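Enquirer: next input, structure requested:
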Amino acid sequence: MAIVIKSSREIELMRQAGKIAAGARSIARQMIEPGVTTRAINKEVFHFIKKSGAEPTFLGYSGYPASACISVNDQVIHGIPGARKLQAGDIVSVDVGATYKGFVGDCAGTFPCGTCGEEALRLIAVTRQSFFEGIRQARSGKRVSDISAAVQQYAEGAGCSVVRDYVGHGVGARMHEDPEVPNYVQRGRGSPRLVQGMTIAVEPMVNMGTWEVKVLSDGWTVVTADGSLSAHYENSILITDGEPEILTVADDHWL
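Expert: Next up is the predicted model:
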């Protein structure tokens with residue numbers, strides 16, 4: 001699969017898809033309270049995306065059974081919503097995608113449930129900031145590895161680790177397009193150059209302990225190998241002739 005440069009029309013559709021995905025993320029963020037089930041959050045994400053004229057990208061994707069991935073505490077990504085009730089002190093990662101007129105917006109965030117410990121809040125902040133450190137490098141003429149290096153340097157400099165088994169990606173007419181966007185530098189491998197019109201999802205997955213992960217028996221839920229907390233932060237972005245544009249921005253402007 002080759003890297004796809006988007007036309008101005010396709011970019012506008014991606015802005016709309018991104019706005020819907022980001023709106024769904026905001027809906028989920030507002031629902032995170034003690035006693036709320038992850039299934040209830042997923043239901044509202046589904047309804048928001050549908051009423052916005054889009055389709056939940058994740059639902060049915062490779063057999064995934066929900067509209068949102070909701071991962072709690074040591075769950076890194078791909079947590080399946082269900083009967084679990086959130087508790088005060090949990091940190092909750094919500095990953096959502098919306099497909100609008102054939103184009104995908106993909107974003108994620110990790111949020112505290114009630115009062116959380118200082119270390120958990122710090123992990124959330126480090127993960128979020130590592131995204132912004134990464135996209136400082138997301139300029140035409142730079143390489144994907146410049147983004148990767150910035151994310152890794154910031155997260156590891158804060159005493160955390162970056163997941164290596166899962167990476168960011170190109171996004172557009174498909175949820176996963178070329179190129180891969182790792183959150184660490186892959187030594188000895190060439191890295192694509194960034195070009196105006198590229199759209200990519202940059203998504204640091206940062207652990208408090210080891211970077212190693214494992215997949216649970218449901219075949220989806222990824223957890224930290226040592227049981228440490230994990231956080232996830234993602235936006236879809238456009239490479240421009242200057243500063244990158246974040247495409248997944250909701251009406252409430254929360255990022």
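Enquirer: what about Val223, is that helix, strand or coil?
Expert: With DSSP: H, G, I helix; E, B strand; the rest coil as the basis, Val223 sits in strand.
Enquirer: what about the stretch 51-200 of the chain, any weak spots by pLDDT?
Expert: 188 (pLDDT under 70).
Enquirer: the helices in it, which residues?
Expert: Ranges of helices within the stretch 51-200 of the chain are 118-135, 144-157, based on DSSP state H, counting those that start in this stretch.
Enquirer: nearest to Leu229, of those helices?
Expert: Proximity to Leu229, assessed across the helices of the stretch 51-200 of the chain by CB to CB, is greatest for helix 118-135 (5.6 Å). Backbone N, C-alpha and C define where each C-beta goes, glycine included.
Enquirer: now do that closest one: which elements does it pack against?
Expert: strand 91-100, strand 103-112, helix 144-157, strand 199-202, strand 205-207, strand 230-232, strand 235-238 (3 or more CB pairs under 8 Å, 6 or more residues apart in numbering; DSSP states H and E).
Enquirer: tell me which of these lies nearest to Leu123.
Expert: Ranking the helices and strands packed on helix 118-135 by proximity to Leu123 (CB to CB) places strand 230-232 first, at 5.0 Å.
Enquirer: so what strands line up beside the closest one?
Expert: With DSSP bridges as the test, strand 230-232 is paired with strand 205-207 (antiparallel).
Enquirer: and the helix or strand just after the partner strand, how far out from the chain middle?
Expert: Using DSSP states H and E, the next helix or strand after strand 205-207 towards the C-terminus is strand 213-215. Computed by CA atoms, centre = their mean, to the nearest Å, the separation of strand 213-215 from the middle of its chain amounts to 18 Å.
Enquirer: cool, stretch 164-184 as well?
Expert: Distance, centroid of stretch 164-184 to centroid of chain: 10 Å (CA atoms, centre = their mean).
Enquirer: repeat for stretch 163-176
Expert: Relative to its chain's centre, stretch 163-176 lies at 9 Å (CA atoms, centre = their mean).
Enquirer: ok, stretch 242-252 next?
Expert: Average the C-alpha atoms of stretch 242-252, do the same for its chain, and the two points are 14 Å apart (CA atoms, centre = their mean).
Enquirer: for it, list every residue counted as buried.
Expert: When burial is assessed from 16 or more other CB atoms under 10 Å, stretch 242-252 yields the following buried residues: 244-250.
Enquirer: just give me the closest of those to Val222.
Expert: Distances from Val222 to the buried residues of stretch 242-252, taken by CB to CB, are shortest for Thr248, at 21.5 Å.
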